[in-house]
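Engineer: 3D model of this:
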Amino acid sequence: MAWGLLVVAGLMEVGWAIGLKYTEGFTRLVPSVLTIAAMIVSIALLGLALKTLPIGTAYAVWTGIGAVGTAALGIVLFGDPATVARLACIGLIVAGIIGLKVVT
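Structural biologist: This next block holds a predicted model:
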């Protein structure tokens, strides 16, 4: 259950990170409200997951999901570069997330 909460928390982190781009400095109401809501849900779910998961593991996985998801959507939605080196580094983050899951 805690791992499921953590994954959803990480996905919500992706949502608010991408949402920040659409708020245009919090000058657009709907994207701003949705982004703030995603922030709250993300933190709340992380907090619930921390009831049973170690803080170091949970935080690393949460930020890793956020980083990988945000980088991937940056490539897809905003035309961020998808160089071999960049994709390899994203792969290393994914490997770290998987490694932490396996050893926890």
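Engineer: Now the residue of the chain positioned farthest from its centre: phi and psi?
Structural biologist: Distance to the chain centre peaks in the chain at residue 27, reaching 23.1 Å (criterion: CA atoms, centre = their mean). Torsion angles at residue 27 (phi, psi; degrees, to the nearest 10) stand at phi -100, psi -10.
Engineer: separation between it and residue 21?
Structural biologist: 12 Å (CB to CB, to the nearest Å). Using the backbone N, CA and C atoms, a C-beta is placed for each residue, glycine as well.
Engineer: Now do the buried residues in the host helix or strand of residue 36.
Structural biologist: Remark: residue 36 resides in helix 29-49, with elements defined by DSSP states H and E. Neighbour counts over helix 29-49 (16 or more other CB atoms under 10 Å) mark 31-32, 34-35, 38-39, 41-42, 45-46, 48-49 as buried.
Engineer: before we move on, what about stretch 91-103?
Structural biologist: Residues of stretch 91-103 classed as buried: 93, 97, 100 (neighbour count, 16+ other CB under 10 Å).
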